[in-house]
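Colleague: structure of the sequence below:
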Amino acid sequence: MNAQSATALANEREFAFSDEDFDRIRAMIRARAGIALNGTKRNMVYSRLARLLRARPFDTFSDYLDQVERDPGLAQSFVNALTTNLTSFFRESHHFPVLAEHLRALPRGATIELWCSAASTGEEPYSMAMTAIEVFDSDRPPVRILATDVDTNVLETARRGIYRSESVAQLSPQQLRRHFLRGAGAQDGFVRVRPEVQALVTYRPLNLLAQRWELSRPFAAIFCRNVMIYFDKPTQHAILERFIPLLTGGGLFFAGHSENFTRASHQLRLRGKTVYEKVNASGSP
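Modeller: Alright, predicted model coming up:
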């Protein structure tokens with residue numbers, strides 16, 4: 001966009017949006033959620049936050065941001081508005097056969113703990129749950145999945161487990177029958193995750209930048225896919241180093257398709273495409 005077009009766009013806006021406003025927003029979202037916004041996101045930021053100014057209402061971005069810094073409820077809606085949630089069932093499908101193989105190889109007896117650390121609207125943790133059901137050929141596999149996200153709005157969608165039918169169009173007829181209920185009447189065009197799938201997943205809000213995560217149990221696998229790309233390198237490394245102690249020996253860390261942590265830690269080794277295995281100091285799982 002050239003300078004003339006940018007000026008014309010600014011003149012059309014309902015609210016004045018200065019460089020100082022944008023810089024302040026970038027600093028605030030980085031401090032609260034670790035998201036590093038570059039200059040190309042300015043129009044997106046205006047569009048998403050203008051709706052919040054309009055709702056209260058606020059006259060200026062400065063007034064709104066002042067209140068965000070004082071009001072925890074507004075601060076959460078600010079983070080929710082600027083969080084990107086792009087997901088689908090069995091997204092990056094090459095990961096789920098690796099998870100299935102890992103689950104089959106684990107000793108029987110104890111409950112297997114898994115963590116989906118960026119659950120979004122629930123498709124990813126439910127895909128993990130469906131994989132577990134199919135591996136153990138049981139609606140009550142010995143698996144518990146903790147699903148967290150910084151965005152409280154998407155967690156509510158995830159808990160409901162209701163999706164448009166087109167969101168499951170790529171699944172097999174067998175998967176649809178086993179894991180979903182089709183809507184009828186007013187719910188025609190929607191599907192609902194079956195209760196036995198939902199029962200495997202517990203949803204909680206969690207900010208990966210929080211000083212404490214309040215997590216104690218070790219996880220056999222952690223999914224953190226397509227999240228780290230929004231953080232700068234030092235933040236990525238710091239979060240990764242916090243994940244590793246929460247993995248069991250030989251536990252797996254699943255990253256996104258554009259994320260590479262091969263050189264980020266001597267405690268992880270590449271197991272497959274963007275899948276890493278925790279190793280001990282001697283280099284063994």
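
Colleague: contacts and neighbour counts: CA atoms only from here.
Modeller: Fine.

Colleague: can you give me the distance of residue 134 to residue 192?
Modeller: Relative to residue 192, residue 134 is positioned 18 Å away (criterion: CA to CA, to the nearest Å).

Colleague: before we move on, what about residue 265?
Modeller: Distance from residue 265 to residue 192, counting by CA to CA: 40 Å.

Colleague: these two - which one has more neighbours?
Modeller: Neighbours were tallied for residue 265 and for residue 192 using other CA atoms under 10 Å; the higher tally belongs to residue 192 (18 against 13).

Colleague: ramachandran angles for that one?
Modeller: Listed backbone geometry of residue 192 is phi -130, psi 140, with angles given as degrees, to the nearest 10.

Colleague: is it bridged to anything, and to what?
Modeller: The residues listed as beta-bridge partners of residue 192 by DSSP bridges are residue 162, residue 181.

Colleague: tell me the pLDDT at it?
Modeller: Residue 192 carries a pLDDT score of 96 in this model.

Colleague: ok, it touching residue 182?
Modeller: Yes. Judged on CA atoms under 8 Å, residue 192 makes contact with residue 182 at a distance of 6.5 Å.

Colleague: tell me how the protein divides into domains.
Modeller: 3-82, 95-278 (automatic domain parsing).

Colleague: tell me the most buried of these?
Modeller: Comparing the domains of the chain on average neighbours per residue, with mean count of other CA atoms under 10 Å, the densest one is domain 95-278 at a mean of 17.

Colleague: that domain: end-to-end distance?
Modeller: 16 Å.

Colleague: next one: that domain to chain centre, how far?
Modeller: Taking the mean of its C-alpha atoms, domain 95-278 sits 9 Å from the chain's own mean (CA atoms, centre = their mean, to the nearest Å).

Colleague: likewise for stretch 45-58?
Modeller: On the basis of CA atoms, centre = their mean, stretch 45-58 is displaced by 24 Å from the centre of the chain it belongs to.

Colleague: check what contacts it and list those residues.
Modeller: Residues external to stretch 45-58 that are found in contact with it (CA atoms under 8 Å, 6 or more residues apart in numbering): 15, 17, 59, 60, 61, 64, 78, 81, 82.

Colleague: same thing with stretch 197-217?
Modeller: Outside stretch 197-217, the residues that reach it (CA under 8 Å, 6+ apart) are 32-34, 113, 125-126, 129-130, 133, 139-140, 143-152, 155, 158-159, 161, 179, 239, 246.

Colleague: so which of those belong to strands?
Modeller: In this view, those that belong to strands under DSSP state E are 113, 143, 144, 145, 146, 147, 148, 149.

Colleague: and the two most separated of the residues you listed?
Modeller: Pairwise distances across those (CA to CA) peak at 19.9 Å, for the pair 143 and 149.

Colleague: what touches both of residue 192 and residue 182?
Modeller: The contact lists of residue 192 and residue 182 share no entry, where a contact means CA under 8 Å, 6+ apart.

Colleague: if we can go back for a sec, could you identify the least confident member of the ones in strands among the contacts of stretch 197-217?
Modeller: residue 149 (93).

Colleague: now residue 70: which helix or strand?
Modeller: Assigned by DSSP states H and E, residue 70 belongs to neither a helix nor a strand.

Colleague: ok, now which ones touch it?
Modeller: Going by CA under 8 Å, 6+ apart, residue 70 touches no other residue.
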